[in-house]
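*Asks:* what shape does this take:
(one chain, ligands or ions: 1)
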Amino acid sequence: MPLSLVVAGLGAKRGEDLIFKDISFVLEAGEALIITGPNGSGKSTLLRVVAGLLLQEEGTVSATGGTQEFGHPRELCHYLGHHNGMKRELTVEENLTFWKKFMGDSADGTGMGVFQAEEAVDLPGIGHLPFGYLSAGQQRRIAFAKLLVAHRPVWILDEPTAALDSAADTLLAKLISAHQRSGGIVLAATHQPLALQNASELAMTGFIGLSD
Ligand SMILES: Nc1ncnc2c1ncn2[C@@H]1O[C@H](COP(=O)(O)OP(=O)(O)OP(=O)(O)O)[C@@H](O)[C@H]1O
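*Replies:* You can find the predicted model right below:
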């Protein structure tokens with residue numbers, strides 16, 4: 001049954017500062033929301049709250065599927081932050097195998113095999129190399145392959161195209177679009193335009209001042 005991600009009246013603090021408030025949106029299966037805004041405007045903070053990694057000050061994040069209410073959707077989310085989340089000393093294959101086993105698949109789908117995911121990010125044949133040997137762009141591609149080996153309907157992506165060349169930009173846009181077409185939801189913060197379909201934009205305006 002199709003999933004909806006519902007964010008209502010969200011506000012969050014970092015330290016004593018209220019970074020944003022009154023953020024509300026609904027994303028239906030197949031939709032994407034691109035978060036834009038200047039440095040420090042709260043894009044990463046918003047993504048971390050929606051992913052369940054940071055507690056909000058006010059408001060709610062929930063998911064519904066038909067008549068089913070899931071509560072906080074953290075179990076339904078992949079989060080790709082600024083860091084790639086890979087061990088430099090382990091090989092690409094060991095890293096991806098770890099994530100595949102550790103995360104498993106959420107109920108509504110099946111992740112790719114490790115080799116298939118390496119091919120999907122156009123890096124076949126490097127599974128035996130330590131992750132730390134890869135170039136910055138190759139590392140980012142493999143971090144993206146993590147999203148493919150364990151199924152999650154909601155992808156939360158913080159600057160997913162940082163360090164990528166234009167070919168990889170296009171490749172990632174295709175993978176994200178394929179995820180949307182299969183009913184996935186995407187929330188992405190980016191400074192560079194991402195060629196996504198069925199996407200709307202939320203512009204963060206920046207620091208809103210000290211809270212009471
Ligand atoms: N742990 C923290 N403690 C206090 N303030 C923080 C903390 N983390 C971030 N901030 C502040 O919160 C604000 C929002 O930061 P955030 O990383 O969400 O912005 P951003 O829009 O993602 O920025 P960028 O485009 O540079 O990635 C910034 O002013 C930042 O200094």
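
*Asks:* up against the ligand, what does the chain have?
*Replies:* 14-15, 19, 37, 39-45 (CB under 6 Å from any ligand atom). Placement of C-beta: from N, CA and C, glycine included.

*Asks:* filter those residues to the buried ones?
*Replies:* The neighbour count (16 or more other CB atoms under 10 Å) marks 19, 37, 41-45 as buried among the residues of the chain next to the ligand.

*Asks:* picking that back up, now, which of the residues of the chain next to the ligand lie within strands?
*Replies:* 14, 19 (DSSP state E).

*Asks:* and the residues of the chain next to the ligand, which two are furthest apart?
*Replies:* Across the residues of the chain next to the ligand, the longest distance by CB to CB is 19.2 Å; it joins Gly15 and Gly37.

*Asks:* ok, now which ones touch the spatially closest residue to His151 that is not a sequence neighbour?
*Replies:* Excluding its sequence neighbours, the residue lying closest to His151 (CB to CB, 6 or more residues apart in numbering) is Gly109, at 3.7 Å. Counting by CB atoms under 8 Å, 6 or more residues apart in numbering, Gly109 touches 151, 153, 182.

*Asks:* and Gly109, helix, strand or coil?
*Replies:* On the three-state scheme (DSSP: H, G, I helix; E, B strand; the rest coil), Gly109 is labelled coil.

*Asks:* kindly give the local confidence score, pLDDT, for it.
*Replies:* Confidence at Gly109, expressed as pLDDT, is 88.

*Asks:* sounds good, over and out.
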